[in-house]
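*Asks:* Sequence plus the predicted model coming up.
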Amino acid sequence: MKRREFINKAGLTTLSTIIGAEIVYGINLPKDYSPLALQDPDPFKMFNKHKEMVVLNDKPWNIEAQAHLLDDAVTPNSCMFIRNNGLIPKDIDAKAWTLTIDGESVTNKKTYALADLKTKFKQYTYQLTLECGGNGRNEFNPPAKGNQWSVGAVHSANWTGVRLKDVLEDAGIKSNAVYIGYHATDVHLSMDPTKEPISRGCPISKALQDETLLAFKMNGEDIPIAHGYPLRLVAGGWPASVSGKWINRISIRNKVHDGTKMTGTAYRVPCEPVAPGEKVKDEDMCIIESMPVKSLITYPKTGAIINEGNTLNIRGHAWAGELEVRKTEYSIDFGATWQVCRIEKPVNRLAWQHFKAEVKFPKKGYYEVWAKATDSNGVSQPMLLPGWNPKGYLNNACHRIAVKVK
Amino acid sequence: MSKEEDFRKYIKKVYRLTALFSGLFIIAGGILVIYSVNPDFFNFRKESTTPVYVAIEEDEDTIENGIHVRTGLVDAEGLMTVVNNCTNCHSAKLVIQNRMNEERWNATIKWMQETQNLWDLGNNQSIIVNYLVTNYPPPELGRRANLSDIDWYELKD
C-alpha cells in the first residue's frame, strides 16, 4: 500500500474505531458522507427515544418499544420503534426535495417539489397503525432469521399528508396498473450505490385507499429523521415496510413490484402451511398483505404485585390490519375462561382501538393476564404461536403479563 | 609562511562551505523526494488527527469478562475471524440475536454473498460457523415459553 493511501485510510479507520466497527467499504464512501453514528453515538439522544426502548441493532438502527411504553392513545415519537434496512440519508434538504411518479403504467411521468405537493393537493390527517411484519419473531421455534423483535415493533401515530391516490391520479394511472413501488434515498449497508436497501410497495387497490398517505407530518410536527423526513409513504394495517421512508420516487407498475425485499423470502410467508423448520422454495412464498388481528396490554407493566382483594385495572390497544376489532377479552386462567373487555371504536379506519377491564383474582398467588382480540370477520388471536414460517413473520399470539397477588 | 597559512584557511573555509551546501542539498532533495511521493506529508493540520488513531487502536480488541468489548461477542475460538468478516457491514448485535444451526448459517452466508456483497470466506467459513453454533446455539422454545426475567414491583393504585 502506498503511504499516501495509508494515511487517507488511517483517517477513516480512526472514525471506525470510535464507532466500534471497521468501515471496510471506506473507499466507497460518498465524498461528503460521514456515518451518522459519529455525530452522536447515543441513539436515545440522537432519535429522542425513551430510555427504556430496546436497541436490537445499531447498524442498521433497529429499536423497539416495550408493551408498557405504548400506553398512550396516540404513540409519541419517543416510544415509536425504528426499523431501518439501510443507513439513514444525510444532509436532507426538504426545500430541494422532489417526488417523481413514473413506471410502466403512469400516463405522464411527473416530478413534484415537496412544497408543491403540500399546496396543490388537499391535506388529510389519520391515526394509522404500523406494525413490523417481523414483530414477535423472537418466539418462533426453530428461531427465524432477522432482528429478534419481541412485542414492541408497533405504533399508532397521527400522520398528516396528501392522499397518494390524488397524486397518482394527477399523473395519470393507466388501466393496466397492478402495483406501486417506492424508491428512497437511504444508503445500502455495503455502501454500494447501485443497491437499494429496500424498495417495496403494494397493490394499486391499497395505494388508492383514502388513508394511504404521502405524509410530511407526524403527530403535528415534521416527521423525525429516523421515521422518514421529509416524506414518507404511510399504508396503515400492512407490514410497516410498505410505508417507505425518505421516498423520492413512486413507480406505477404493470406487474407486482420487484424491488429489494419484494422478492425471495422477504416479507413473505409460505403460500401453504408448513411444519416448523421445513424448507420452503422461493416460488412457494407469498407476499404478506394485511396484518393479522392483535392486541397488547399496555397497563400495568408486567410484574405488578397487588394486595389480595384489590381490583387490577388493565388497559391496552387492539388492531386488525385492514379490518376492525370487534371484541377483546382477557383470561387469568390460561384461557380456561374469558371475560369481555370494553373496547372503543377506532378514531378512523386503520387506527388501533383501546380496551380496558377491571380484573379480580380469587386468591393469592401467581397469575398471568392474557388478552385476546377478535376481528370483524370473527377471527381471533391464537394463544400459541401461529404457523411457523422461515422468516418469522406474523406472530400475533396473545400478549400476557405476570401478576402476583399477596 | 603567512601566505601558506592564509591559503590553508581559505581551503578550510571552502571545504566547510562545500560541506554545508552539500548537507543542505541532501536535506532539500530528501524533502523533495518525500513531497513527490506524498504531498500530504507536510500538511501538519491533517497529521494532528493521527495520534488519536494510535491511542484508540490500543483498546480495539479488549476482552472483559470473556466478552470482546467492541462487539459484545463471546471470546472463544474463532472470535477475531467473526469480528473481521461479520461486523463490517452490519452490527454484531444482528449476529448475536440470531440462533441458527450449521445448515442455516451456511445458507445465510450464501444469501449474503449473493445479495449483500459478502466476499468468499474460504477456509474461514467453517471457523465462523463453528464459532456461531458453539457459542450461540438455538434455544428450545417450544410452542410458547414461560414468561421470564420478570421485574417484580409493588403496584400503587
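*Replies:* Yes, it's here.

*Asks:* tell me the domain boundaries of the chain?
*Replies:* Going with chain A. The record's domain parsing of chain A by automatic domain parsing lists A:94-287, A:294-405.

*Asks:* sorry, should have said chain B
*Replies:* B:2-53, B:62-135.

*Asks:* most tightly surrounded among these?
*Replies:* Stretch with highest mean neighbour count among the domains of chain B: domain B:62-135 (a mean of 16; mean count of other Cβ atoms under 10 Å in any protein chain shown). Backbone N, C-alpha and C define where each C-beta goes, glycine included.

*Asks:* can you give me the end-to-end distance of it?
*Replies:* For domain B:62-135, the separation between the terminal residues is 19 Å (Cα to Cα, to the nearest Å).

*Asks:* CA atoms only: put stretch A:270-285 into PDB for me.
*Replies:* Taking Å, rounded to 0.1, in the frame of the first residue of the first chain, the C-alpha atoms of stretch A:270-285 are listed here in PDB:
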ATOM      1  CA  PRO A 270     -45.400 -20.000   2.800                       C
ATOM      2  CA  CYS A 271     -48.400 -19.900   0.500                       C
ATOM      3  CA  GLU A 272     -49.400 -23.300   2.000                       C
ATOM      4  CA  PRO A 273     -48.800 -24.000   5.700                       C
ATOM      5  CA  VAL A 274     -45.500 -25.800   6.600                       C
ATOM      6  CA  ALA A 275     -44.200 -27.800   9.600                       C
ATOM      7  CA  PRO A 276     -41.800 -25.900  11.900                       C
ATOM      8  CA  GLY A 277     -38.300 -25.800  10.300                       C
ATOM      9  CA  GLU A 278     -39.400 -27.000   6.900                       C
ATOM     10  CA  LYS A 279     -37.600 -25.700   3.900                       C
ATOM     11  CA  VAL A 280     -39.700 -23.600   1.500                       C
ATOM     12  CA  LYS A 281     -38.800 -22.700  -2.100                       C
ATOM     13  CA  ASP A 282     -38.900 -19.100  -3.000                       C
ATOM     14  CA  GLU A 283     -41.600 -19.700  -5.500                       C
ATOM     15  CA  ASP A 284     -43.800 -21.100  -2.800                       C
ATOM     16  CA  MET A 285     -43.600 -18.000  -0.700                       C
END
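
*Asks:* contacts for it?
*Replies:* A:140-142, A:263-265, A:268-269, A:286, A:387-390 (Cβ atoms under 8 Å, 6 or more residues apart in numbering or on different chains).

*Asks:* Of these, just say which sits nearest to chain B.
*Replies:* residue A:141 (3.8 Å; Cβ to the nearest Cβ).

*Asks:* Look at the residue lying closest to that closest one once chain neighbours are set aside and give its secondary structure.
*Replies:* Once flanking residues are discounted, residue A:141 sits nearest to residue B:141: 3.8 Å by Cβ to Cβ, 6 or more residues apart in numbering or on different chains. When classified by DSSP: H, G, I helix; E, B strand; the rest coil, residue B:141 comes out as coil.

*Asks:* Tell me, how many residues neighbour residue B:141?
*Replies:* Around residue B:141 there are 15 other residues, counting by other Cβ atoms under 10 Å in any protein chain shown.

*Asks:* That one: what's it in contact with?
*Replies:* A:139-141, A:143.

*Asks:* By neighbour count, which of the residues you listed wins?
*Replies:* Within the contacts of residue B:141, most neighbours by other Cβ under 10 Å means residue A:140, with 24 neighbours.

*Asks:* Nearest spatial neighbour of that one, chain-adjacent residues omitted?
*Replies:* With Cβ to Cβ, 6+ apart as the criterion, residue A:140 has its nearest non-adjacent residue at 4.3 Å, and that residue is residue A:392.

*Asks:* pLDDT wise, what is that neighbour at?
*Replies:* For residue A:392, the model assigns a pLDDT of 97.

*Asks:* cool, residue A:39 as well?
*Replies:* Listed pLDDT for residue A:39 reads 44.

*Asks:* next one: residue A:63
*Replies:* At residue A:63, pLDDT is 97.

*Asks:* what pairs with it across the strands?
*Replies:* residue A:55, residue A:82 (DSSP bridges).

*Asks:* how much space between it and residue A:131?
*Replies:* Counting by Cβ to Cβ, to the nearest Å, the gap from residue A:63 to residue A:131 is 15 Å.

*Asks:* tell me the helices in chain A, going along the chain?
*Replies:* Assigned by DSSP state H, chain A shows helices spanning A:3-19, A:36-39, A:43-46, A:114-120, A:164-171, A:204-207.

*Asks:* send the alpha carbons of the third one over as PDB?
*Replies:* The one in question is helix A:43-46. What follows is helix A:43-46, C-alpha atoms only, in PDB (Å, rounded to 0.1, in the frame of the first residue of the first chain):
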ATOM      1  CA  PRO A  43     -29.400   6.600  19.800                       C
ATOM      2  CA  PHE A  44     -31.700   7.700  22.600                       C
ATOM      3  CA  LYS A  45     -30.500  11.300  22.300                       C
ATOM      4  CA  MET A  46     -30.000  11.200  18.600                       C
END
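
*Asks:* Would that helix count as contacting chain B?
*Replies:* No: Helix A:43-46 lies apart from chain B when judged by Cβ under 8 Å from any Cβ of the partner chain; the minimum separation is 11.6 Å.

*Asks:* Around chain B, pick out the residues from the stretch 151-300 of chain A.
*Replies:* A:189-190, A:192, A:195, A:264, A:300.

*Asks:* can you map out the helices along chain B?
*Replies:* B:2-37, B:44-47, B:50-57, B:79-86, B:92-97, B:102-115, B:124-135.

*Asks:* the inter-axis angle of the fourth one versus helix B:102-115?
*Replies:* Per axes from the mean of the first three to the mean of the last three Cα atoms, to 10 degrees, the angle that helix B:79-86 makes with helix B:102-115 is 40 degrees.

*Asks:* Report the distance from helix B:79-86 to the chain centre.
*Replies:* Centre-to-centre, helix B:79-86 and its host chain are 12 Å apart (Cα atoms, centre = their mean, to the nearest Å).

*Asks:* in chain B, what spans have low per-residue confidence?
*Replies:* B:1-3, B:33-35, B:37-58 (pLDDT under 70).

*Asks:* before we move on, what about the stretch 1-150 of chain A?
*Replies:* A:1-40.

*Asks:* Which residue ranges of it form strands?
*Replies:* Taking DSSP state E, counting those that start in this stretch, the strands of the stretch 1-150 of chain A run over residues A:54-58, A:61-64, A:82-83, A:98-102, A:110-113, A:123-131.
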